[in-house]
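Trainee: what would the 3D arrangement of this be:
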Amino acid sequence: MNPDRIERDVLIAAPPERVWAHLTDFFWVADEGRGGAEPRTGETFVATSKEYGDFPIRIEQAAPHRFLSYRWASAFPGAEPAEGNSTLVEFTLTEEQGGTRLAVVETGFASLPEASRRQAFEDNDGGWAAQLGVLRERAQGGVPLDRFEREIVIAAPVERVWAALTAPEFWLGEADPKGFAISEGARIVGEHEGLGTLPHHILRVDPPRHLSYRWANRFPSTEPDQNNSTLVEFTLVPEGNGTRLRMVESGFATLALPENELLTAAEANGGGWDTVLGELKDSVEE
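Mentor: Modelled structure (predicted):
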């Protein structure tokens with residue numbers, strides 16, 4: 001743990017403009033918010049909280065819908081932010097997967113008085129974890145993210161990447177590859193540790209450029225249909241001496257899942273694909 005720096009991020013199923021509107025209301029410290037007032041670089045205002053007190057906040061930089069930074073003396077209610085008592089908070093908004101990735105970095109805890117340093121860090125670390133979750137719910141309005149996208153560049157020709165992408169090892173996990181074939185209309189069943197049996201229905205095969213299928217990985221051992229499955233699409237494009245592999249998975253918003261699972265399904269799958277695509281890249285480039 002770095003006691004000088006907090007880093008958090010969250011993926012929100014809403015455009016940057018909507019995320020920005022909620023972010024700049026400063027609801028986490030101002031009981032009544034700012035009423036839609038746009039922050040201006042160099043501006044100072046006081047955020048009032050009945051529970052925690054008054055916090056003068058100085059806007060360091062405001063680039064609408066993209067970046068916001070400010071200083072505050074969160075460990076010293078009522079104090080103007082200055083050298084030795086304040087931290088710098090920076091928000092970055094990036095379009096991703098049809099939504100917005102909101103990242104927050106807070107630095108400067110090491111410069112606080114020693115008696116206040118650790119408590120301020122622990123309070124704000126836990127506070128950001130909670131408040132980013134609240135901000136996501138406010139901005140999304142209960143709307144789940146429907147899709148995510150990943151792109152990687154693999155230092156190998158398209159034909160070699162295609163061969164790895166359509167090999168039994170990529171699909172079956174621990175299943176028996178006997179009779180395995182990637183073809184349109186095929187049904188391929190893989191055994192995945194912790195998930196059980198996962199049938200894949202192959203929809204389109206266009207060697208060596210495109211491959212798509214449906215699967216119900218949120219419903220193990222279930223055949224994919226319109227209510228339980230997502231569509232996975234791979235596109236391979238030559239790039240120099242290598243290959244740009246693009247993967248899109250869509251259809252999360254209509255899955256028959258409990259609301260709390262529906263709101264995080266796309267993000268959870270995205271994390272899994274980061275690992276799988278990284279392993280594919282490593283195996284092809286060996």
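Trainee: which stretches of the chain form helices?
Mentor: Using DSSP state H, the helices of the chain run over 16-23, 114-140, 158-165, 168-172, 259-262, 265-285.
Trainee: can you name every helix or strand that the longest one contacts?
Mentor: Secondary-structure packing of helix 114-140 (3 or more CB pairs under 8 Å, 6 or more residues apart in numbering; DSSP states H and E): strand 5-12, helix 16-23, strand 99-107. (Glycine included, C-beta is placed from N, CA and C.)
Trainee: minimum distance to H192: which of these has it?
Mentor: H192 lies closest, by CB to CB, to one member of the helices and strands packed on helix 114-140: strand 5-12, at 23.7 Å.
Trainee: strand partners (parallel or antiparallel) of that closest one?
Mentor: Partners of strand 5-12 in the sheet, by DSSP bridges, are strand 99-107 (antiparallel).
Trainee: which positions in the partner strand come out as buried?
Mentor: 99-102, 104-106 (16 or more other CB atoms under 10 Å).
Trainee: from the residues you listed, which single one is nearest G271?
Mentor: R101 (13.0 Å).
Trainee: returning to what we had before: the helices of the chain into a markdown table, with extra columns for mean pLDDT and mean neighbour count?
Mentor: What follows is those, written out as a markdown table (pLDDT from 0 to 100; neighbours: other CB atoms under 10 Å):
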| stretch | mean pLDDT | mean neighbour count |
| --- | --- | --- |
| helix 16-23 | 92 | 20 |
| helix 114-140 | 89 | 16 |
| helix 158-165 | 96 | 18 |
| helix 168-172 | 86 | 16 |
| helix 259-262 | 76 | 12 |
| helix 265-285 | 88 | 15 |
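Trainee: reformat those as TSV; add distance to P199.
Mentor: Shown next, in TSV, are the helices of the chain (distance: least, CB to CB, whole Å):
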stretch	distance to P199
helix 16-23	37
helix 114-140	31
helix 158-165	18
helix 168-172	11
helix 259-262	20
helix 265-285	17
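Trainee: how about the ones you listed, which one is nearest R209?
Mentor: Using CB to CB, the helices of the chain put helix 158-165 closest to R209, at 7.4 Å.
Trainee: so what does that closest one touch, helix or strand wise?
Mentor: So helix 158-165, by 3+ CB pairs under 8 Å, 6+ apart, packs with strand 230-239, strand 242-250, helix 265-285.
Trainee: ok, and what's touching it?
Mentor: 154, 170, 207-209, 211, 234, 236-238, 243, 245, 280, 283-284 (CB atoms under 8 Å, 6 or more residues apart in numbering).
Trainee: if we go to 10 Å?
Mentor: 152, 154-157, 170-171, 182, 207-211, 234, 236-239, 242-245, 247, 280-281, 283-285 (CB atoms under 10 Å, 6 or more residues apart in numbering).
Trainee: and those residues, which are buried?
Mentor: 152, 154, 156-157, 170-171, 182, 208, 211, 234, 236, 242-245, 247, 280-281, 284.
Trainee: okay, the helices and strands packed on helix 114-140 in JSON lines with distance to N228 next?
Mentor: Formatted as JSON lines, those follow (distance: least, CB to CB, whole Å):
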{"stretch": "strand 5-12", "distance to N228": "22"}
{"stretch": "helix 16-23", "distance to N228": "29"}
{"stretch": "strand 99-107", "distance to N228": "22"}
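Trainee: closest to H65 out of these?
Mentor: Using CB to CB, the nearest of these to H65 is helix 16-23, at 4.4 Å.
Trainee: the closest one packs against which elements?
Mentor: Counting contacts by 3 or more CB pairs under 10 Å, 6 or more residues apart in numbering; DSSP states H and E, helix 16-23 is packed against strand 5-12, strand 67-72, strand 87-96, strand 99-107, helix 114-140.
Trainee: how does it look with 8 Å?
Mentor: Checking 3+ CB pairs under 8 Å, 6+ apart, helix 16-23 ends up next to strand 87-96, strand 99-107, helix 114-140.
Trainee: returning to what we had before: how about the helices and strands packed on helix 158-165 in CSV, adding distance to R218?
Mentor: Output for the helices and strands packed on helix 158-165, formatted as CSV (distance: least, CB to CB, whole Å):
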stretch, distance to R218
strand 230-239, 8
strand 242-250, 11
helix 265-285, 6
